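> Here is the input, now give the coordinates:
(chains A and B)
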Amino acid sequence: MNPVQDKEHFRHAVYQTPFHPRTSVANKLNVWHRWKDYTVSDAYYNVALEYAAIRNACAVFDLSPMTKHRITGPDALAFLNRLVTRDVEKIKPGKVGYAIWCDDNGRVIDDGTIFHLKPGDYRLCSQERQLEWLERSAFGFDVRMVEETHDVACLAFQGPTSCAVLKAIGCTGVENLKPFEIGYWPFAGGELMVSRTGFTGDLGYELWTDNSRAVPLWDALFDKGAIHGIRPMGTHALELARIEAGFIQAHVDFMPADQAIHLDRSRSPFELDLGRLVDFKKPNFNGRRALLEEQKRGSRYRFVRLDIAGNKIAKAAYIYNREHKGQVVGTVTSAAWSPSAKTNIALASLHMPWGRPGDELWADIYYQRELQWFRVNVPCKVVEGAFFDPPRRRATPAADF
Amino acid sequence: MTDANHVIIIGAGHNGLACAAYLAKAGRRVTVLEAAGQVGGAAVTREFAPGFKVSACAHLSYLLDARIARELDLARHGHASARDNLRTVALQRTDEHLVLNGGVLEAGRLGEADRTAFATHHALMLKFARVLGRQHSRVPPRLLGGGRSNAIGAALLGWDIRRLGREDMREFLRVAGINIFDLVEESFESPALKAALAFDAVLGTNLSPRANNSVLALLHRLSGIANGTTGGVSLPAGGMGAVSEAFAKAATAAGATLRLSTPVKSIALNGDRVSGVVLASGEALSADAVVSNADPKRTLFELLGARHLETGFVHRIRHFRTKGMAAKLHLALDSLPGFSRLPAALAGERLVIAPDLVYLEHAFDAAKYGENSPHPALEISIPTVHDRTLAPAGKHVLSAVVQYAPHDAAASTDAARAQLLENTLKVLETYAPGIRARVTASQLLLPADLEREFRLTGGHWHHGELALDQMLMLRPVPGAAQYAMPVNGLYLCGAGAHPGGGVMGCAGRNAAQAVIKAGRE
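Model prediction:
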């Protein structure tokens, strides 16, 4: 039974994920937050060590609350192609594709992944709830969709030793799975779906099964993973890894267009450095006309990755174009000290035309020491690509480490 | 390969034909495709019983644009009135009937205060209606974006309202969005007068007298007359179909090709641009632009396909309100019916049965819950008093708009149709005793019938409700009120576009201008 079908669910303030019997024991810090009505851990025992497990061993993240939709029917492909900006035809059965979708104004509503499970059978995972938008978009298409968020248990299993652990629990040949590929293995009398996907920019997998096999899956991983350094990780550690990978997050790096009251506060794909996901060769998709117009007229913003001098985290910093008496040319949306890149990093949204190679940029950073506020003004540099991008992320067959 | 000069017009309604005439005059090669065997769309004259003809949907002419009639020389192409400036006779059960001629009360019992108030009210409504009338021939401005011509368009609308003068402007802004019930309650004493005026506001709409926007619907109805349309409320010779035929002759004289009995199956695309149409017969025709006289939902969902449009736009079009609420009654009569206490000389005027506001409101109550009115309100015309071409010698035709009849499944069955016919005949019999005995044939078209016969989604004869949120730059929906649809080369030219319903021709003319302008860019 999924937690929503449970008629007693109203007695709890939040739902518990199918892994809760294990995560609640593992959560030694007892810090929880609400994620799409489920309770999940911010951190289990130590954020730094949880992060270290992602980059040096392997770490397990309870991904179950992520919104998941199943899309089937004769028009599933046509429907998805009208919905998202990229060409879904290129996502073959057994593959996964990252996608964004826009409103009519060409502003990003959300981003997510499209799993082509079987021919014509898709799973769309999103950061935000999307059922209403999907149902609106389905008018005129012969397509069936259900939200299966509560019926699928899933874990993000990330880090260099993750492949070795999967092999140990019986996923023979999983090392041959290429990035963005899906494989299926028998597990505990049922099936385990493994996709080589993740939010850490590292070697890693996402594991999908039905709710009843959640606890056996967790137990199997921790049993076989003990000698490979397996650790549970919370949202804070994952956040650090995703900033290093340069991935964006709704409500943090962009405002979902359907929730933005002020049109100027949402962003187009080009303004999020996601132009590569826009395929104008498709004759129609939501936002196409507005995006063509934007290409002619020019974008308002540029999304950049910044390498910031010093070690003060540039959270929410204003970006100026000069050290003194400059003008504000943008703001930092996500920032962290990157343990792997060993530098001070940030994602930022800058007004056009700022953020060109060689532009002088300064971050105005406020920070606290023992409740005392300090301020530094430090130079920053636009960098291309992810801050941390190890070859093992793409290497196939995946090594054991 | 498309023909760069070829424009296809889907539907030979009067707007499609007006559009065709203007485009052909501008040198475009124009083909008009009509599914039915005759031109006119919902403005047609049809035989409904052997020897008896009637204007099958729209039956009176209020709004025909004087400039279009002149520019297309409709008179030379056969347009003539059987009778202009029809009076409105508000039939009373026992009291003296009210006879209204413009702002003048010609007969009926009204106090002195009501007489003065009526004259003032009528003049003011005409003045306000003129503000709307001035917008008819303009392409509405865009709400967002748009260039200098757009700003000028918005400024003109503002200026038209501003130059009413301070007091009248305030009054215009006060009443434009409110309901006719409150307006007549605050202005008049006579229940008969209140109901007669309120009936004009709700005629053909999905509004009760207490529904907001009903004053605006009244202003739209008056906008043609206020705009200087010759003839006021008039009865075209040969029925409304003759008006359409005049438009058709103007279009063909200008060089447009007309193909009847040629239904279009779909609009063809090449990328995000229209490339022509595919006919039901399978024949494909290529064109640089396709202009649809069909209603927005039919055009965009059935002919084009929602998948070629964007989600937000589709959502807005789906919620364009198109629920028809008026049925049409046709009676073949073996002699001129006698209405109690009505001089025979007035039998050919516009007769209204809406005795009081509560009667109207109750008529709507049933429809609100999906049932036909047990006591419907009626707008009656006996065109054969003025036009002998419509019925055999000595015989007559009665044409009536029957309100309210909702476009709901339960109200659209054969049993429901028979029941509404019975309800309507009962009402008629009350005012014209003995009329039932004179009926030799009858036809009642429910909104579902109008939808089927005239291809009107929802059976709404204005292609969609005329209300504040569906008018001007919001018609049919914001962002698409400039005739061009989001798909390149596709235009709307029917009542679903600004300025809306009524046999006017302005939507067709404005759409032609939009096509011509796009061709120049």
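> Need the nearest residue in space to the residue of the stretch 201-350 of chain B found nearest chain A, chain neighbours excluded.
With Cβ to the nearest Cβ, the shortest gap between the stretch 201-350 of chain B and chain A falls at B:A306, namely 2.9 Å. Bear in mind the C-beta positions are built from the backbone N, C-alpha and C, glycine included. The spatial neighbour of B:A306 that comes closest, neighbours along the chain excluded (Cβ to Cβ, 6 or more residues apart in numbering or on different chains), is A:G140 at 2.9 Å.
> right, and that neighbour touches B:V314 too?
Yes - at 7.0 Å, A:G140 counts as touching B:V314 under the criterion of Cβ atoms under 8 Å.
> Which one of the two is surrounded by more residues?
Legend: neighbour count by other Cβ atoms under 10 Å in any protein chain shown for A:G140 and B:V314, higher for B:V314 (24 against 21).
> what's the more buried one sitting at in phi/psi?
phi -60, psi -40 (degrees, to the nearest 10).
> That one is in contact with A:F139, isn't it?
Yes - applying Cβ under 8 Å, one finds B:V314 in contact with A:F139, separated by 5.6 Å.
> and for the two, which residues touch both?
B:A306 (Cβ atoms under 8 Å, 6 or more residues apart in numbering or on different chains).
> Assign the closest residue to chain A within the stretch 401-521 of chain B to helix, strand or coil.
Per Cβ to the nearest Cβ, B:P486 is where the stretch 401-521 of chain B lies closest to chain A, at 6.2 Å. Secondary structure, DSSP: H, G, I helix; E, B strand; the rest coil: B:P486 is coil.
> tell me the contacts of the closest residue to chain B within chain A?
When scored by Cβ to the nearest Cβ, chain A has A:G140 as its residue closest to chain B, at 2.9 Å. With contact set as Cβ under 8 Å, 6+ apart, A:G140 has these partners: B:F301, B:G305, B:A306, B:R307, B:V314.
> out of those residues, which are buried?
B:F301, B:G305, B:A306, B:R307, B:V314 (16 or more other Cβ atoms under 10 Å in any protein chain shown).
> Strands of the stretch 51-200 of chain B, start to end?
B:52-55, B:81-83, B:88-90, B:98-101, B:104-107 (DSSP state E, counting those that start in this stretch).
> Just name the most buried of these.
strand B:52-55 (a mean of 26; mean count of other Cβ atoms under 10 Å in any protein chain shown).
> Find the nearest non-adjacent residue to whatever residue of the stretch 51-200 of chain B ends up closest to chain A, please.
Closest to chain A within the stretch 51-200 of chain B is B:L144: 8.4 Å, counting by Cβ to the nearest Cβ. Once flanking residues are discounted, B:L144 sits nearest to B:G479: 7.5 Å by Cβ to Cβ, 6+ apart.
> What are the boundaries of the helices in the stretch 101-250 of chain A?
Under the criterion DSSP state H, counting those that start in this stretch, helices of the stretch 101-250 of chain A are mapped to A:131-137, A:162-168, A:214-225, A:235-245.
> Pipe those into CSV and attach mean pLDDT per row.
Below are those laid out as CSV (pLDDT from 0 to 100):
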stretch, mean pLDDT
helix A:131-137, 96
helix A:162-168, 98
helix A:214-225, 98
helix A:235-245, 97
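> closest one to B:A211 among the ones you listed?
Of all the helices of the stretch 101-250 of chain A, it is helix A:131-137 that lies closest to B:A211, at 27.4 Å by Cβ to Cβ.
> what about the closest one, distance to the chain center?
Relative to its chain's centre, helix A:131-137 lies at 21 Å (Cα atoms, centre = their mean, to the nearest Å).
> Just the buried positions in it, please.
A:W133, A:L134, A:S137.
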